[in-house]
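Enquirer: fold the following and give me the result.
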Amino acid sequence: MLSMEMRREIYELTIQNYRIVVPIFLTMCIMGVLANAIVIIALIKTKVRTPTVTIISSLSFSDMWTSSVVAASLLYNSYIPILYPKFETNPCISLTLELFRTGGLITGTLHLLIISIHHYIGITKPYYKRNYTTKTFIVCTLIWIIPPLFLIILASSFQNQGFRDCWEFDNFYHTRIFRVSVSSIIVIIFFIIIFCYARMIYLLRLKRKKWQSRSASNKTKNDNKTVNTTVWICSSFFIGWAPATLQFSITCSTCDLMRYETIQGYKLIFYFSCLQLTFLLGKTLMNPLIYSLRIPEVDKELRKMNNGVKKFFANLKRREITNQPKYNTKINEHNDGPASKTLIKESATSM
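Expert: This is a model prediction of the structure:
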């Protein structure tokens, strides 16, 4: 049991830490939203409508959603209550933000599963009709709706818990069984993804040995590049979400880790929370970089956008130079003294 003096010391330490780290994380959230928004604009401007582009666009929206929810949760659940104690938070809003955050985690993982299945079908059945963009869009819509909807229904199903009694501290969201169940679902999905890509790499090696023609070799190289790109995306997702998933599963209300009795125990949890947030938000910044480097359509449109921005500022600078007032020197001669020079301002020439 923590003493009053230790509680006060932890509270003061929390205020000091939050004033430093929360603005940094909020800045990372804003950068993540902007970076993924640029990728989405580039994908829209490509006017290429394929299942891969549809999934990547949806995954970019997922990263934007994650950054937005994390920022809102940090402000409403952590930063404002600690620094402004008079501000009363609504536990129902806090629970909703946490459910959206958890639903976003599941949604992002399901996006990677869809990408792996899509590539697996393309490699195992190269002559299969791959023009199923509409079906892919429907599936992406479903994985956006089902996880948060299921969590909201679940939060409304327990008597005296969840949305039925938001003020109850021992909420189902903080129970061990709920957190372990969500973490297990994510781990199972990742095992399926790993199996798909391991199988794809094995099949590509067989094709490389079997096919000796130039066209077949080029096809294998393209498939290899696609697989490598997606492996990079999956790796960034795994690195980004693994610490968050681990913390989610071991920080339940009955977990021993949350029952810290020393300041060192508090610091351990706080630093681990900062680490998992850094990895999570780093993932939202890393994926747009991977898209721009590994997907030709995105790289091409981003270069066009960059050239357009440079051209805009160049024209703006040229206009400012043109609109600057010009001066002529006029020599005034006086009978009683030496000649003096006067600067006469002329109107700017029309553009």
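Enquirer: not counting sequence-adjacent ones, nearest residue to residue 276?
Expert: Spatial nearest neighbour of residue 276, excluding adjacent residues (Cβ to Cβ, 6 or more residues apart in numbering): residue 243 at 3.6 Å. C-beta here means a position set from N, CA and C on the backbone, and glycine is covered the same way.
Enquirer: sticking with that neighbour, tell me its helix or strand.
Expert: If you go by DSSP states H and E, residue 243 is part of helix 214-250.
Enquirer: quick one: mean pLDDT over whatever helix or strand comes next after that helix.
Expert: Where DSSP H and E defines the elements, the next helix or strand beyond helix 214-250 is helix 263-294. Per-residue pLDDT over helix 263-294 has a mean of 82.
Enquirer: just use 43 as the starting number from now, easier for me
Expert: Got it, the first residue is 43 from now on, which makes the last one we talked about helix 305-336.
Enquirer: what's the following helix or strand after helix 305-336?
Expert: Scanning forward in sequence from helix 305-336 by DSSP H and E, the next helix or strand is helix 338-364.
Enquirer: what is the burial count for the residue nearest to residue 318?
Expert: Here the count is done by other Cβ atoms under 10 Å, and residue 285 has 17 residues near it.
Enquirer: identify the single longest helix in the chain, thanks.
Expert: helix 46-88 (DSSP state H).
Enquirer: before we move on, back to that, hmm, the residue nearest to residue 318 is touching residue 321, no?
Expert: Yes: assessed by Cβ atoms under 8 Å, residue 285 is found in contact with residue 321 at 5.1 Å.
Enquirer: which one is residue 346 nearest to, not counting chain neighbours?
Expert: residue 87 (7.6 Å).
Enquirer: residue contacts, that neighbour?
Expert: Going by Cβ atoms under 8 Å, 6 or more residues apart in numbering, residue 87 touches 343, 346-347.
Enquirer: does residue 105 touch residue 150 like I think?
Expert: Yes: applying Cβ under 8 Å, one finds residue 105 in contact with residue 150, separated by 7.4 Å.
Enquirer: so for those two, which residue has more residues nearby?
Expert: residue 105 (28 against 24).
Enquirer: what is the helix or strand where that one lies packed up against?
Expert: Using DSSP H and E, the element containing residue 105 is helix 93-115. In this structure, helix 93-115 makes packing contacts with helix 46-88, helix 133-166, helix 175-197, helix 305-336, judged by 3 or more Cβ pairs under 8 Å, 6 or more residues apart in numbering; DSSP states H and E.
Enquirer: contacts for stretch 213-221?
Expert: With Cβ under 8 Å, 6+ apart, stretch 213-221 has contacts from 137, 140-141, 196-197, 200, 203-204, 290-291, 293-297.
Enquirer: tell me the one of those residues nearest residue 309?
Expert: Set against residue 309, the nearest of those by Cβ to Cβ is residue 293 (14.8 Å).
Enquirer: return the distance of that closest one relative to residue 209.
Expert: 21 Å (Cβ to Cβ, to the nearest Å).
Enquirer: these two: who's more crowded?
Expert: residue 293 (16 against 9).
Enquirer: in stretch 233-249, what's buried?
Expert: 235, 238-239, 242, 245-246, 249 (16 or more other Cβ atoms under 10 Å).
Enquirer: got a pLDDT number for residue 131?
Expert: At residue 131, the model reports a pLDDT of 84.
Enquirer: pretty sure it is touching residue 120, no?
Expert: No: in this structure residue 131 lies outside contact range of residue 120 using Cβ under 8 Å: 9.9 Å.
Enquirer: okay, these two: which has more neighbours?
Expert: residue 120 (18 against 12).
Enquirer: which residues are in contact with the more buried one?
Expert: 60, 64.
Enquirer: give me the distance between it and residue 55.
Expert: Following Cβ to Cβ, the distance that separates residue 120 from residue 55 is 14 Å.
Enquirer: redo the buried residues of stretch 233-249 as JSON lines? Include secondary structure.
Expert: Putting the buried residues of stretch 233-249 into JSON lines (DSSP: H, G, I helix; E, B strand; the rest coil) gives the following:
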{"residue": "235", "secondary structure": "helix"}
{"residue": "238", "secondary structure": "helix"}
{"residue": "239", "secondary structure": "helix"}
{"residue": "242", "secondary structure": "helix"}
{"residue": "245", "secondary structure": "helix"}
{"residue": "246", "secondary structure": "helix"}
{"residue": "249", "secondary structure": "helix"}
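Enquirer: hmm, back to that, can you list the contacts of residue 87 in JSON lines and add pLDDT, neighbour count and distance to residue 190?
Expert: What follows is the contacts of residue 87, written out as JSON lines (pLDDT from 0 to 100; neighbours: other Cβ atoms under 10 Å; distance: Cβ to Cβ, whole Å):
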{"residue": "343", "pLDDT": "78", "neighbour count": "22", "distance to residue 190": "31"}
{"residue": "346", "pLDDT": "82", "neighbour count": "13", "distance to residue 190": "35"}
{"residue": "347", "pLDDT": "80", "neighbour count": "14", "distance to residue 190": "32"}
